[in-house]
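S.K.: 3D, please:
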Amino acid sequence: MAVTEPAPPAQPVAHEGILRRQSLRESAARTYARSLPIVPVRARGLTIEGADGRRYLDCLSGAGALALGHNHPVVLEAIKKVLASGAPLHVLDLATPVKDAFTTELFATLPRPLADDARIQFCGPAGTDAVEAAFKLVRTATGRTGLLAFTGAYHGMTAGALDASGGAPDVRVTRLPYPQNYRCPFGAGGERGAELAARWTENLLDDPKGGVPAPAGMILEPVQGEGGVIPAPDGWLRRMRELTAARSIPLIADEVQTGVGRTGAFWAVEHSGVVPDVMVLSKAIGGSLPLAVIVYRADLDVWRPGAHAGTFRGNQLAMAAGAATLAFVRENRLAERAAALGARMLGRLQGLAATHRCVGDVRGRGLMIGVELVQPDIGVPQADVPPADPVLAAAVQRECLRRGLIVELGGRHSGVVRLLPPLTLTDEQAEAVLDRFADSLEAAVCAPHRRNDTGPSL
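M.R.: Numbers count the residues shown, from 1 in each chain. So this is what the prediction gives:
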């Protein structure tokens, strides 16, 4: 079915029973299933087919894990090759040809100054475990315990990673201002806002009464994803590198969602030319299967054997799928493709902002795009931008789903509609995505009583 054809009408089939049983049996912590009540049964590239026969364009991409979309041939072939070889699938942290090939391919993509003097630690299968490993690594290497993180951050759901994230209920990490244009904490935005954020950080670190002893490390996202798709200004990121290097503070770049070409460079730190001391990698590096690693400077590798271990560090299928994905993205220059196509998509979405006052800001980098929806008629004293409109954002998400388009929400108040299409997105598919989004926005804006519609509870 062509991407521009309307999805067939849903039929009352077994998927309704599956959704009902899920709501009865699964944890209340489930998230995506609440706003996306579908039952995927087949998928290829951008497209998912549900058990009800409907087809969807997937701009969630496994929360950024699917760089090549669903079931890409090179990924399937890599997995089949391992299965057919009779190789063991579980090897703890033993050396294997599959692991060696993955590591070689990964190092070939890293910023050269890091790759030339790097060590790799295979972690548990989730990105949050790699974040924990990075924290343990720098604390062990420096002998210090404190950490620096940024407002709006998201680094995972385990205890240490959550402490460094923006929603931490019990703050034990020093929080610094992350620069942003639209909702600048200093009311300036642009280069001036980034300069003030950097100056705040520098003053805090050097103030003997600032309450911040020399920390073990600084962790940041080159583009905040869950925080609302906010790219770090390149100059500010270079300044963070300078500040940390001058004070012997290891800089940790969380590239879990931004890596493998997503932002228009293979790794998002490359936009600024920054070489971090530690890189946290997951999601797309596993080619759709669970895999997480940290890569770091060799002189930081001072911990003892077993200091960070895990039974499932040796996911052979994920390493094979990941090596195939990394090579395909590199050889086919998909990062450059993401930069060009993402710029065109941003341009068209910015056109919506010119005709819809509820579109407060359109931003992103490469194929990591966010549209912030706002309440333009609600004034807030001393605020230079209107408040976010999470109700409208949820309505847009539901209208997108009705039109066969899967999108995610993010941002401080869940008012940002996020687009994370696969890097294999074609021009035709991009136009279909934008058409459906524009139609959904119009429908959500015009819908009567939309503010009383809380959406599905499954």
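S.K.: please enumerate the helices of the stretch 51-200 of the chain.
M.R.: According to DSSP state H, counting those that start in this stretch, the stretch 51-200 of the chain carries its helices in the segments 61-64, 73-85, 97-109, 112-115, 127-142, 159-163, 190-206.
S.K.: can you say which of those is nearest to residue 418?
M.R.: helix 61-64 (9.4 Å; CB to CB). For every residue, glycine as well, the C-beta is placed using N, CA and C.
S.K.: OK, contacts around residue 258?
M.R.: 221-223, 225, 267-268, 368 (CB atoms under 8 Å, 6 or more residues apart in numbering).
S.K.: swap in residue 198?
M.R.: 179, 236, 239-240, 243.
S.K.: most neighbours among those residues, which one?
M.R.: residue 179 (29 neighbours; other CB atoms under 10 Å).
S.K.: could you list the low-pLDDT ranges of the stretch 351-458 of the chain?
M.R.: 379-383, 448-458 (pLDDT under 70).
S.K.: how does it look with 90?
M.R.: 377-385, 412, 447-458 (pLDDT under 90).
S.K.: repeat for the stretch 101-250 of the chain
M.R.: In the stretch 101-250 of the chain, residues with pLDDT under 90: 154, 156-173, 210-214.
S.K.: returning to what we had before: of the contacts of residue 258, which pair is most distant in space?
M.R.: 225 and 267 (14.7 Å).
S.K.: can I get the CA coordinates of stretch 208-221 in CSV?
M.R.: C-alpha atoms of stretch 208-221 as CSV (Å, rounded to 0.1, in the frame of the first residue of the first chain):
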residue,chain,number,x,y,z
PRO,A,208,34.2,28.5,47.0
LYS,A,209,30.8,29.1,48.7
GLY,A,210,28.8,27.7,45.8
GLY,A,211,28.2,24.4,47.6
VAL,A,212,29.6,22.3,44.7
PRO,A,213,32.9,20.5,45.4
ALA,A,214,34.8,19.2,42.5
PRO,A,215,32.5,16.6,40.9
ALA,A,216,33.2,13.2,39.4
GLY,A,217,31.7,14.1,36.1
MET,A,218,29.3,16.1,34.0
ILE,A,219,26.6,14.4,31.9
LEU,A,220,24.7,16.0,29.1
GLU,A,221,22.6,15.2,26.0
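S.K.: what residues sit buried inside it?
M.R.: Judged by neighbour count (16 or more other CB atoms under 10 Å), stretch 208-221 contains these buried residues: 212, 215-221.
S.K.: also stretch 83-92?
M.R.: For stretch 83-92, using 16+ other CB under 10 Å, the buried residues are residue 91.
S.K.: which SSE is residue 440 in?
M.R.: helix 427-446 (DSSP states H and E).
S.K.: please export the C-alpha coordinates of that helix as CSV.
M.R.: In CSV, the C-alpha atoms belonging to helix 427-446 read as follows (Å, rounded to 0.1, in the frame of the first residue of the first chain):
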residue,chain,number,x,y,z
ASP,A,427,10.9,11.8,0.3
GLU,A,428,7.4,10.4,-0.5
GLN,A,429,7.1,9.0,3.0
ALA,A,430,8.2,12.3,4.5
GLU,A,431,5.5,14.1,2.6
ALA,A,432,2.9,11.6,3.8
VAL,A,433,4.0,12.1,7.4
LEU,A,434,3.8,15.8,7.1
ASP,A,435,0.4,15.7,5.3
ARG,A,436,-1.1,13.5,8.1
PHE,A,437,0.4,15.6,10.8
ALA,A,438,-1.0,18.9,9.3
ASP,A,439,-4.4,17.3,8.9
SER,A,440,-4.3,16.1,12.5
LEU,A,441,-3.3,19.4,13.8
GLU,A,442,-6.2,21.1,12.0
ALA,A,443,-8.6,18.5,13.2
ALA,A,444,-7.4,18.8,16.8
VAL,A,445,-7.6,22.6,16.8
CYS,A,446,-11.2,22.5,15.4
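S.K.: list the helices and strands it packs on?
M.R.: Counting contacts by 3 or more CB pairs under 8 Å, 6 or more residues apart in numbering; DSSP states H and E, helix 427-446 is packed against strand 55-58, helix 334-355, helix 390-402, strand 405-406, strand 416-419.
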